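Chemist: task: produce atomic coordinates for the following.
(one chain, ligands or ions: 1)
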Amino acid sequence: MIIQEGLVRVEVPDEHRVRGPGKRGPGFYNADQKINRDLTVAYVSTVRPSFFLDAFGGSGIRGIRVERETGTRTVISEINPVSAATIEENISRNGSRCTLIGDNCETVMSEFKFDFIDIDPYGSALPYIDSALRNVKNGGHIGVTATDLSALTGSAGKVTRRRYSANLTVDSLKHEKGIRLLIRAVIERGAQYEMAAEPMMSFWHSHFYRVIFRVTRGAGRCDRLLEEISPILLNGREEGPLWLGKLETRLLDRTLRAPEHVASDIRAGRFLRNLPDEDLMPLFIDLGDREIFNGGDIPSVSRTVARLAENGFAASRTHFSPTGIKIGGEWDISEIRKIAYAK
Ligand SMILES: C[S@@+](CC[C@H](N)C(=O)[O-])C[C@H]1O[C@@H](n2cnc3c(N)ncnc32)[C@H](O)[C@@H]1O
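Modeler: Model prediction:
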C-alpha cells in the first residue's frame, strides 16, 4: 500500500505496524517512528549537513524525506535486495535525487565521507556505532535509534550487564536511565577513537530511544564528556554508570528551524517545544513515588508545576513519565512536597 508521511508518498507492506516495533521484513516501515523521522528532518534543517547517509533503508522513507524536505544530498544503503528494489521504486515515485546503494552500510560508511550518519537497525544499535564513529566527518552528526529497550532499561538484567556493563533497577525512571545508558555507551566508544560524541537531541517514544550526537575529534573533549559519566545512588542502591550531562542542546533551545509541515504537526511541535526542559535536572521526580511523597495521593502534576512556577522555580513536566516533573536550580524535597500538597 502507499502511505503519505511528511511530504513524501511511499510503498510499504500492507501489514505494517501502526504501534509498537512491527514485524521485520522487506520494505520495513514503522508508523510509530514518524516522530523520529519528523525530528530528524527538523534537526537536519537546522544543522544543514552536506552529505547524509540513511544507513538502514527499509522502505527508504527516512532518506527520501531528508532529501525531499531539506534538500540534503543523501545516500540510502540497504543490504536486503527485495527492500532495495522497493526503495528504488520509492525514490522514483517521489522524484527524489537520493542515491541507493544495495550493500552493507559498514562498507558504504567506509567508502564515502558523510557528515550525518543515521543508524536505525532492528534492535541494538551498538554493533554499528564503531563504524559510524570512525567514519563520520569531524564535526558531523550520528543519529542513533535503539529498540533494545529491555537491555537499556535493565529489565533483561543479564543483557544489560553483558551489552552495556551496567546495573539498573526497573522503576518509573527507567526510560530516562535507559537513554542515559545508551548515551554513555556511545560516548565511551567514541572516546576509544578520541571522537567526542555529544548528545544534541534525545528522546524516548513508544518502543525506541533516539539520540542525535555531534561528533568532534579531540582527546580533551572526550575526557570532559567522560567526567559526566558516573554511578548514581537511587533509594540506597548504586545504579549505572550513566551519562549525567545534558540530553538536549542549547542549539535546539526552541529555535530548531523545523519546516512548517513538521512544526505544525501536533506531536512533533510538542516535542520541539518541550524537550529543552529535560535539562532542568538529570533524572526527574516522580510524583507517584511513595517513598518521596509518603504514600499520600498523587498530587496533580500540572497544578504542582504551576505552583512551583508561582513560587519562583523553573519547573516542567517530563516526556519520560506522565507523573514526572523536573525542577531547575537548588531546592529541597520537603519544600517541593509542601508546595505539591498546599491547599
Ligand atoms: C529498522 S529497518 C529501517 C527503517 C528505516 N530506517 C525507517 O526509518 O523506516 C532496518 C533495515 O536495515 C536493513 N539492514 C540490516 N542490516 C543492514 C546493514 N548491515 N546494512 C544495510 N542495511 C541493513 C534491513 O534489511 C532493514 O530493511
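Chemist: is the residue in the stretch 201-343 of the chain that the ligand sits nearest to in a bridge, and if so with what?
Modeler: The ligand sits closest to F208 of the stretch 201-343 of the chain, with a gap of 9.5 Å, by Cβ to the nearest ligand atom. For the C-beta atoms, the positions are set from N, CA and C on the backbone; glycine is no exception. Legend: beta-bridge partners of F208 under DSSP bridges are H205.
Chemist: for it, grab the count of nearby residues.
Modeler: Summarising burial for F208: neighbours were counted as other Cβ atoms under 10 Å, giving 20.
Chemist: also G329?
Modeler: In terms of burial, G329 registers 10 neighbours under the definition other Cβ under 10 Å.
Chemist: ok, N167 next?
Modeler: Burial of N167, expressed as a neighbour count using other Cβ under 10 Å, amounts to 15.
Chemist: next, the contact list for it, please.
Modeler: The neighbours of N167, taking Cβ atoms under 8 Å, 6 or more residues apart in numbering as the test, are G154, G157, T160, R161, E238, E239, G240.
Chemist: mind checking which of the residues you listed are buried?
Modeler: In the contacts of N167, burial by neighbour count holds for G154, G157, T160, E239, G240, counting by 16 or more other Cβ atoms under 10 Å.
Chemist: quick one on the thing from earlier: make TSV out of the contacts of N167 and add secondary structure and pLDDT.
Modeler: Formatted as TSV, these follow (DSSP: H, G, I helix; E, B strand; the rest coil; pLDDT from 0 to 100):
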residue	secondary structure	pLDDT
G154	coil	97
G157	helix	94
T160	helix	98
R161	helix	98
E238	strand	97
E239	strand	98
G240	strand	97
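Chemist: can I get those in JSON lines including distance to the ligand?
Modeler: As requested, the contacts of N167 are exported to JSON lines (distance: Cβ to the nearest ligand atom, whole Å):
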{"residue": "G154", "distance to the ligand": "23"}
{"residue": "G157", "distance to the ligand": "25"}
{"residue": "T160", "distance to the ligand": "22"}
{"residue": "R161", "distance to the ligand": "25"}
{"residue": "E238", "distance to the ligand": "34"}
{"residue": "E239", "distance to the ligand": "29"}
{"residue": "G240", "distance to the ligand": "28"}
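Chemist: so what's the nearest residue to L168 once chain neighbours are set aside up against?
Modeler: Of all residues not flanking L168 in the chain, G154 sits nearest, at 2.9 Å (Cβ to Cβ, 6 or more residues apart in numbering). Residues counted as contacts of G154 (Cβ under 8 Å, 6+ apart) are T160, A166, N167, L168, T169, V170, K174, K177, G178, E239.
Chemist: give me that answer again for 6 Å
Modeler: Remark: with contacts taken as Cβ atoms under 6 Å, 6 or more residues apart in numbering, G154 is in contact with T160, L168, V170.
Chemist: ok, I76 next?
Modeler: D54, G57, G60, G63, I87, C98, L100.
Chemist: where do the helices sit along the chain?
Modeler: Secondary structure of the chain (DSSP state H): helices located at 34-47, 61-70, 81-93, 105-111, 126-135, 149-153, 157-164, 174-192, 219-226, 260-263, 266-274, 290-293, 301-310, 333-341.
Chemist: and R317, how far is that from D277?
Modeler: Counting by Cβ to Cβ, to the nearest Å, the separation of R317 from D277 is 8 Å.
Chemist: distance of P231 from S50?
Modeler: 40 Å.
Chemist: okay but S155 is in contact with D171, surely?
Modeler: No: with the criterion set as Cβ atoms under 6 Å, S155 and D171 do not qualify as a contacting pair; they are 10.6 Å apart.
Chemist: just the buried residues of stretch 114-132, please?
Modeler: By 16+ other Cβ under 10 Å, the buried positions in stretch 114-132 come out as 114-121, 124-126, 128-129, 131-132.
Chemist: if we only consider those, which is nearest to the ligand?
Modeler: Relative to the ligand, the closest of the buried residues of stretch 114-132 is D120; by Cβ to the nearest ligand atom it sits at 3.8 Å.
Chemist: the closest one contacts D54, correct?
Modeler: No: between D120 and D54 there is no contact, the gap being 7.8 Å when judged by Cβ under 6 Å.
Chemist: look up the pLDDT of I117 for me, please.
Modeler: The pLDDT attached to I117 in the predicted structure is 98.
Chemist: ok, now the one 5 residues further on?
Modeler: pLDDT for Y122: 92.
Chemist: and it, what are its phi and psi?
Modeler: Summarising the backbone geometry of Y122 under the convention degrees, to the nearest 10, its torsions are phi -70, psi 130.
Chemist: that one: what's it in contact with?
Modeler: Counting by Cβ under 6 Å, 6+ apart, the residues that Y122 touches are R24.
Chemist: what's the separation between it and the ligand?
Modeler: In this structure, Y122 and the ligand are separated by 5 Å, where distance is defined by Cβ to the nearest ligand atom, to the nearest Å.
Chemist: give the contact list for the residue nearest the centre of the chain.
Modeler: Compute the mean C-alpha point of the chain, and by Cα atoms, centre = their mean the closest residue is R210, 1.7 Å away. Applying Cβ under 6 Å, 6+ apart, one finds that R210 lies in contact with N36, T145, F203.
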